[in-house]
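**Q** Any chance you can model this:
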Amino acid sequence: MNPSLRIDRWLWFARFFKSRSLATKICAEHRVRVNGAVINKSNHPVKADDVLTFPQGREIRIVKVLELGSRRGPAAEAQTLFEDLSTRPEPKGEDELQRLNQALRDHGAGRPTKADRREIMRFVGKE
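**A** Numbers count the residues shown, from 1 in each chain. Here you go, the predicted model:
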């Protein structure tokens, strides 16, 4: 008999989700596929060589299960549990490039801090 593991535990072991309850929630919302079939319960068994598809942030992750694992170990250990089959799309246009560059702004170039706002108010004369 092939060994298997609950899908929520495996997703947590492989460090795709910070907590097991988040992995359970994604499964309960019918957002995980195992070998192309939508699952609806977090106790669905997952085995080696299964292909999982699930959303993570703004990306759709496609991973192949290599090992089941026995604990939630360090990240280096977690990376041995799966093979990433998802492709990272190239930025398509200026809008997407601009969105990516928004996170890469210079220090102090964003929203003013509380101290900055007080200084602006003093400068304008509205203390």
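**Q** from here on, contacts and neighbour counts on C-alpha atoms
**A** Noted.
**Q** Return the residues in contact with the spatially closest residue to Val63 that is not a sequence neighbour.
**A** Sequence neighbours aside, Asp84 is the residue nearest to Val63 in space, at 4.6 Å (criterion: CA to CA, 6 or more residues apart in numbering). By CA atoms under 8 Å, 6 or more residues apart in numbering, the residues touching Asp84 are 61-64.
**Q** Could you do Asp8 as well?
**A** With CA under 8 Å, 6+ apart, Asp8 has these contacts: 20-21, 23-24, 27, 42-43.
**Q** Please report phi then psi for it.
**A** phi -70, psi -40 (degrees, to the nearest 10).
**Q** Tell me if I am right that Ile60 is in a strand.
**A** Yes. According to DSSP: H, G, I helix; E, B strand; the rest coil, Ile60 belongs to a strand.
**Q** List the beta-bridge partners for it.
**A** Pro55 (DSSP bridges).
**Q** That one touches Thr53, doesn't it?
**A** Yes. Counting by CA atoms under 8 Å, Ile60 sits close enough to Thr53 to count as a contact (7.0 Å).
**Q** what about those two, which has more around it?
**A** Between Ile60 and Thr53, counting by other CA atoms under 10 Å, Thr53 is the more crowded of the two (20 against 13).
**Q** Quick one: residues contacting the more buried one.
**A** Here Thr53 is in contact with 32-34, 36, 60-63 (CA under 8 Å, 6+ apart).
**Q** which of these lies closest to Asp116?
**A** Proximity of the contacts of Thr53 to Asp116 (CA to CA) peaks at Ile60, which lies at 39.5 Å.
**Q** which ones are touching that closest one?
**A** With CA under 8 Å, 6+ apart, Ile60 has these contacts: 53-54, 86.
**Q** sorry, back to before: show me just the buried residues among the contacts of Thr53.
**A** Buried members of the contacts of Thr53, counted by 16 or more other CA atoms under 10 Å: 32-34, 61-63.
**Q** Kindly reformat these as CSV and extend each row with pLDDT and distance to Gln79.
**A** CSV is the format used below for the buried ones among the contacts of Thr53 (pLDDT from 0 to 100; distance: CA to CA, whole Å):
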residue, pLDDT, distance to Gln79
Val32, 96, 19
Arg33, 96, 20
Val34, 96, 19
Arg61, 94, 14
Ile62, 95, 14
Val63, 97, 11
